[in-house]
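Q: Let me see the structure of the following:
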Amino acid sequence: MTAGTEAVLAAATRLERASATGRACGPVTDLIGGTDIATAYRVQQTVTERRLAAGARLIGRKIGLTSAAVQSQVGVDRPDFGVLFDDMRYADGDVVPYGRLLQPKAEAEVAFLLGRDLTDTRDLSVLREAVAAAYPAVEIVDSRIADWKIGITDTVADNASSGVFVLGGQGRSLDTFDPLDTVMTMRRDGETVSGGTGRDCLGDPLNALGWLAATAIEFGSPLRAGDLVLSGALGPMVPVLPGDVFEVTIEPLGTITARFSEEKGE
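A: Okay, the predicted model is just below:
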């Protein structure tokens with residue numbers, strides 16, 4: 001094995017161990033550096049392939065770091081992407097077991113369900129036509145890296161700091177609204193803790209979808225019909241504590257609730 005391959009495998013194993021033990025690890029920049037994004041995606045792919053071999057199923061992708069507010073919170077300056085597994089999905093109102101998370105934060109976003117393959121990203125009309133429906137969603141981002149002290153290669157390697165997500169039950173056609181005009185309000189126990197609009201997600205959630213579609217083509221794995229895409233935060237992310245209840249309204253898509261168990265062991 002080359003030194004590069006050894007570093008990729010070591011980084012993947014470090015992140016897997018943190019996930020399995022529930023104890024956050026140190027950054028992986030000591031293994032793969034802080035600027036080699038291609039190598040960071042190799043780490044992500046290694047972990048993904050191991051999960052698939054163990055029986056997990058892919059259901060889509062997520063785009064991260066699309067909001068300037070979130071980029072500022074994390075300390076990076078570009079979007080990234082990760083994959084969505086079937087066991088990451090929760091329905092509106094489900095109780096998310098807090099114990100499966102390390103240091104979670106909630107962010108609200110528009111989710112797209114694709115009705116056709118996305119192998120062409122020339123303009124927004126192509127993207128709009130590929131979307132079967134849009135849904136309100138709450139992504140619970142998480143990091144295996146201790147204290148969220150991450151750089152861009154850390155978060156890319158760590159599946160774009162993915163945790164779980166809550167998806168609304170009712171979708172809406174893009175014929176009835178423009179994603180850039182959505183307005184988001186997030187409340188925790190009745191108090192507003194985050195807010196934003198579709199324009200806060202790379203100017204338009206469809207811009208984020210276009211970026212992901214083009215990047216996926218570049219990586220040789222285009223987005224396909226049936227894929228679910230979390231398009232990125234509409235506002236600042238908010239730390240999650242045991243027992244928290246978040247009510248998120250994304251107009252005109254509706255309101256969903258993300259609940260968390262009271263204790264880490266539940």
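
Q: Number of residues surrounding Cys25?
A: Applying other C-beta atoms under 10 Å, we find 20 residues neighbouring Cys25. Yep, even glycine has a C-beta here, placed from its N, CA and C like the rest.

Q: Which residue is the nearest non-sequential neighbour of it?
A: Of all residues not flanking Cys25 in the chain, Ala18 sits nearest, at 4.1 Å (C-beta to C-beta, 6 or more residues apart in numbering).

Q: Please determine how far that neighbour is located from Leu58.
A: Distance of Ala18 to Leu58, computed by C-beta to C-beta, to the nearest Å: 21 Å.

Q: In contact with Met88, which residues?
A: Residues in contact with Met88 (C-beta atoms under 8 Å, 6 or more residues apart in numbering) are 162-165.

Q: can you list those in a markdown table and add pLDDT and secondary structure?
A: Listed next are the contacts of Met88 as a markdown table, based on pLDDT from 0 to 100; DSSP: H, G, I helix; E, B strand; the rest coil:
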| residue | pLDDT | secondary structure |
| --- | --- | --- |
| Ser162 | 95 | coil |
| Gly163 | 97 | coil |
| Val164 | 98 | strand |
| Phe165 | 98 | strand |
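
Q: What are the boundaries of the helices in this structure?
A: Taking DSSP state H to define them, one finds helices in the chain at 3-21, 29-32, 37-53, 68-74, 124-130, 152-157, 205-218.

Q: And the pLDDT at the residue lying closest to Leu65 once chain neighbours are set aside?
A: Once flanking residues are discounted, Leu65 sits nearest to Pro79: 4.8 Å by C-beta to C-beta, 6+ apart. Per-residue pLDDT puts Pro79 at 82.

Q: Hmm, Gly203 and Pro79 touching each other?
A: No: using C-beta atoms under 8 Å, Pro79 makes no contact with Gly203, being 11.9 Å away.
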